[in-house]
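**Q** this is a predicted model, with the sequence first.
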Amino acid sequence: MPTASPNRKRVRKASQKTRVENCIRIRGAREHNLQNIGVDIPRDRLTVVTGVSGSGKSSLAFDTLFAEGQRQYIDSLSAYARQFLDQIPRPDVDSIEGLAPTLAIDQKPGSTHGRSTVATISEIYDYLRLLYARVGTPHCSNCHSAIAKQSPETIVDSLQSLPEGTKLVLMAPMVRGRRGVHREVFDTIRQSGLLRVRTDGETYLLDDVPQLAPRKNHTIEAVIDRLVIRRESDSRLRESVLLALRLGKGLASSLIQSDSGEWKESIYSTAMACVECGASFEEIEPRTFSFNSPYGACRTCDGLGHVDLSNQKGVCPDCSGARLRKEALSVTIAGVAISELTSMPLDAAFAWISRIGHCLSTVQSAVAQPIASEVAKRLSFLQRVGVEYLTLDRSADSLSGGELQRVRLATSIGSGLVGVCYVLDEPSIGLHPADHDRLIQCIKELQQQGNTVIVVEHDEATMRAADYLIDMGEGAGSSGGRIISEGTPKQVEKDPNSLTGQYLSATKRIAIPAKRRKPKKTQWLTLSGVQTHNLKNVTARIPLGLLVGISGVSGSGKSSLINDTLAPAVATHLGLQSDAPGPFATISGADLVDKLILINQSPIGRSPRSCPATYCGVLDEIRKVFAATRDAKTRGFNASRFSFNVAAGRCELCKGLGMERIEMNFLSDLFVTCTRCNGKRFNRQTLQVRFKGASVADVLAMSVDEAAAFFENVPRIERQLRSLQAVGLGYLHLGQSSTTLSGGEAQRIKLGTELARASTGRTLYLLDEPTTGLHFQDIERLVSVLQQLVESGNTVLVIEHQFDLLAACDWIIDLGPTGGTEGGEILCEGTPERIATDPTTSTGKYLSQVLNR
């Protein structure tokens with residue numbers, strides 16, 4: 001039986017008939033704010049965990065269940081990994097039984113970086129590299145002619161044609177970019193009677209070669225001959241070339257000294273050469289198409305696709321953003337290069353890969369068919385999770401949290417794993433309700449493959465589709481951490497103790513304004529002729545002084561219009577530093593805006609050092625308070641002493657992080673609590689200074705709610721903290737690492753920080769999906785905050801899919817009709833009531849349901 005929460009009788013709607021032994025049994029969970037709870041989660045079913053922000057959903061699903069699964073996985077690894085096991089913190093839980101191997105699919109970037117793309121995350125790019133290496137047709141990158149094999153005589157002739165007196169070093173490539181110490185390679189070179197070797201760009205006598213690092217990639221070339229081009233050296237050159245090709249197995253390389261004294265390296269191959277201009281090329285391999293490999297990446301941008309130009313990123317002039325060397329970009333299949341394929345929207349790429357067999361010979365088709373089938377299968381999964389408008393070359397760091405998670409979800413479905421416990425974090429984020437059904441079907445398919453799926457979610461449709469629903473609360477932080485209700489969605493809906501159930505049953509609802517603000521004739525911000533990304537020469541008219549919603553299905557062009565065009569255009573008008581706006585014709589009404597505030601879901605800091613207190617500036621004020629105490633003055637401590645970024649006051653073992661990093665090499669780095677400061681970040685002398693009995697570390701460990709009460713007599717601190725409370729972040733700890741915050745929490749910290757500043761009016765606030773991570777009750781609070789901003793004479797513009805918030809807007813601009821190339825149009829605009837009656841938009845259908853509840 002589940003453990004009842006203390007001081008409250010929990011209503012149990014789930015009957016004993018649903019309690020089967022096939023479940024994950026959690027007992028005595030106390031991680032973070034969890035109140036010693038116990039729960040049975042059905043295995044091989046879809047379970048949704050919901051509740052208000054800060055109620056303990058992630059603490060249960062990720063920090064307890066997934067963390068223990070990860071710990072057990074490491075326990076099954078080699079002795080090298082297990083030596084760190086004692087240092088890995090075990091979740092604060094008495095027991096977890098019946099736990100399968102766990103995988104988390106969340107919204108955080110994790111291992112993704114500037115090089116990651118949709119293609120690499122979904123593993124499609126590995127198959128494409130193999131496909132192009134096996135059946136691609138290479139072309140000369142110089143003259144675009146077909147490439148043919150080059151004979152030894154042709155290589156000799158090209159070298160002999162160099163100006164007389166040219167210094168030449170002829171070599172045989174033995175190892176190219178492979179790990180190891182390669183002793184057998186040096187033995188082979190020595191047995192061939194050679195004396196010198198070029199290792200990683202440096203030339204050595206064979207007996208003087210330094211020990212190679214076994215875990216690093218190395219390039220080794222045998223030095224065959226060093227000579228000066230003379231007419232009488234033909235026979236020597238020929239013999240050297242033949243020896244180089246024999247040792248290099250068809251490859252030879254040379255260093256040729258130019259008139260300026262610089263040495264230029266060239267590659268020769270008996271397999272690949274242009275018949276027109278004689279240029280030689282290396283054999284086409286999968287790594288030729290890897291922008292993460294020095295053998296495939298563009299040399300100018302190092303495979304990033306962009307270069308730094310005057311403090312801004314510009315498209316690489318050599319690869320035009322394709323990231324690859326020109327040799328790779330010159331390989332085509334049916335006339336399409338790999339860069340052209342990856343720049344197609346996913347639905348177009350699926351259509352192309354599906355008909356590729358008709359463009360190849362019988363032999364090529366037999367080779368390509370199994371590879372193309374795997375690519376098509378993975379593309380279809382991406383389409384089904386609602387990201388068909390993305391391109392394969394789309395950078396991972398440009399994806400929203402929801403898009404990134406859905407790409408990972410599609411990858412997991414395609415992997416075909418069974419017997420796994422998947423933990424998902426709000427996969428519906430960023431999806432229009434019209435796309436929800438497809439996403440839910442994909443999650444169901446993952447479960448029906450024989451997996452347990454646990455989803456942290458606030459979306460009503462996903463809750464109703466669950467086999468089991470767990471509602472946590474009843475408040476946030478110390479007021480949460482309990483299970484209020486559990487059972488089937490219908491059972492939770494009927495539970496009077498469940499706040500979620502009250503919203504599901506429509507007993508409670510988010511209020512719709514009785515009277516809406518009306519646009520003023522002279523107060524419009526107009527952007528005309530917008531053609532950014534998929535926008536089709538649209539004109540957007542935004543009424544100022546109102547709460548305005550931007551709606552539309554995923555990929556319809558909302559972010560392209562607001563984030564990529566309007567925001568930088570207004571910023572430029574105001575003289576602010578910004579990226580260049582997307583293409584548009586004219587902007588008018590910008591002179592009616594005095595200030596622009598962009599509040600998105602990007603992290604408030606990418607370092608574990610950053611935290612809510614540092615971002616909103618309240619830590620600066622807290623440090624001043626501690627520096628003003630009698631004890632600090634006696635010790636000669638100033639405000640900087642109480643910063644964990646300054647050596648004087650911080651713990652020097654962990655450098656003020658409170659955690660120590662353990663490198664796992666083949667796994668992600670682990671962070672464990674610092675053994676010297678016990679996670680407090682500061683040294684002993686700094687911690688001895690107290691304000692109202694608390695050290696600076698004690699204050700950083702407080703929640704926003706606790707700190708607001710603690711500093712109630714310090715107005716400059718209290719004002720900041722009350723603003724964070726107003727946006728529903730009272731449960732966050734002041735010193736909580738920003739890397740642990742969700743995108744929605746980061747956005748609300750930014751909003752709360754702006755709220756604390758004095759309002760001047762005529763400010764344009766741009767918010768991107770502010771309801772991310774919010775329960776119905778939290779959305780009601782957010783609506784109140786946004787209305788307060790508008791009442792102060794400002795304009796609030798929200799990109800949103802949540803229809804309770806859209807119903808509270810004064811004006812809506814709806815884009816569509818679909819995503820990608822089929823979107824990019826403004827379908828309708830007006831009041832929510834006007835949109836709800838428009839038959840041309842799917843937004844109207846769902847909006848009318850909310851308005852007519």
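**A** Noted; the coordinates are in hand.

**Q** when you work out contacts or count neighbours from here on, use the C-alpha atoms and nothing else.
**A** Noted.

**Q** other residues contacting the helix or strand encompassing residue 350?
**A** Residue 350 is part of helix 346-354, with elements assigned from DSSP states H and E. Applying Cα atoms under 8 Å, 6 or more residues apart in numbering, the contact partners of helix 346-354 are 341-342, 372-373, 375-376, 379-380, 382-383, 387-392.

**Q** in stretch 55-69, what counts as buried?
**A** 55-69 (16 or more other Cα atoms under 10 Å).

**Q** repeat that for stretch 523-543.
**A** 524-543.

**Q** cool, stretch 638-656 as well?
**A** 639-645, 648-656.

**Q** packing partners for whichever helix or strand comes after the helix holding residue 350?
**A** Sequence order places helix 362-384 as the next helix or strand after helix 346-354, per DSSP H and E. Packed against helix 362-384 by the contact rule (3 or more Cα pairs under 8 Å, 6 or more residues apart in numbering; DSSP states H and E) you find helix 124-135, helix 346-354, helix 401-415, helix 433-448.

**Q** Three-state assignment for residue 267, please.
**A** Three-state call for residue 267 (DSSP: H, G, I helix; E, B strand; the rest coil): strand.

**Q** which residues does it contact?
**A** Residue 267 is in contact with 251-254, 280-282, counting by Cα under 8 Å, 6+ apart.

**Q** among those, the buried ones, what's the PyMOL command?
**A** In PyMOL syntax, the buried subset of those is picked out as below (16+ other Cα under 10 Å):
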select buried, resi 251+252+253+254+280+281+282
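
**Q** quick one: least confident of the contacts of residue 267?
**A** Of all the contacts of residue 267, residue 280 carries the smallest pLDDT score, 73.

**Q** need the pLDDT of the closest residue to that one other than its chain neighbours.
**A** Spatial nearest neighbour of residue 280, excluding adjacent residues (Cα to Cα, 6 or more residues apart in numbering): residue 273 at 4.1 Å. The model reports residue 273 with a pLDDT of 71.

**Q** low pLDDT regions in this structure?
**A** Along the chain, the model assigns pLDDT under 70 to residues 1-21, 80-88, 108-114, 148, 275-278, 309-312, 663-670.

**Q** what does the domain assignment say about it?
**A** 16-101+419-504, 108-137+332-394, 147-283, 286-330, 524-602+764-851, 612-740 (automatic domain parsing).

**Q** hey, which of the helices and strands packed on helix 362-384 is tucked in deepest?
**A** Compared across the helices and strands packed on helix 362-384, helix 401-415 shows the largest average neighbour count, a mean of 22 (mean count of other Cα atoms under 10 Å).

**Q** what's the angle from it to helix 124-135?
**A** Going by axes from the mean of the first three to the mean of the last three Cα atoms, to 10 degrees, helix 401-415 is angled at 50 degrees with respect to helix 124-135.

**Q** now for helix 401-415, which elements pack on it?
**A** Packing partners of helix 401-415 (3+ Cα pairs under 8 Å, 6+ apart): strand 102-105, helix 118-121, helix 362-384, helix 433-448.

**Q** of the ones you listed, which is nearest residue 77?
**A** strand 102-105 (14.9 Å; Cα to Cα).

**Q** which positions within the closest one qualify as buried?
**A** Neighbour count says strand 102-105 has 102-105 buried, by 16+ other Cα under 10 Å.

**Q** same for that strand, what does it pack against?
**A** helix 401-415, strand 421-425.

**Q** direction included, what does it pair up with?
**A** strand 421-425 (parallel) (DSSP bridges).

**Q** which outside residues touch the partner strand?
**A** 61-62, 66, 99-107, 451-457.

**Q** now with 7 Å?
**A** 61, 100-107, 451-457 (Cα atoms under 7 Å, 6 or more residues apart in numbering).

**Q** alpha carbons of it, as CSV, please.
**A** C-alpha atoms of strand 421-425 as CSV (Å, rounded to 0.1, in the frame of the first residue of the first chain):
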residue,chain,number,x,y,z
CYS,A,421,11.4,3.1,-18.4
TYR,A,422,11.2,6.4,-20.3
VAL,A,423,10.8,9.6,-18.3
LEU,A,424,9.6,12.6,-20.4
ASP,A,425,9.5,16.3,-19.4
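
**Q** starting at the chain centroid, how far to that strand?
**A** 17 Å (Cα atoms, centre = their mean, to the nearest Å).

**Q** and the angle for it with helix 433-448?
**A** Using the same axes, to 10 degrees: strand 421-425 against helix 433-448 is 160 degrees.
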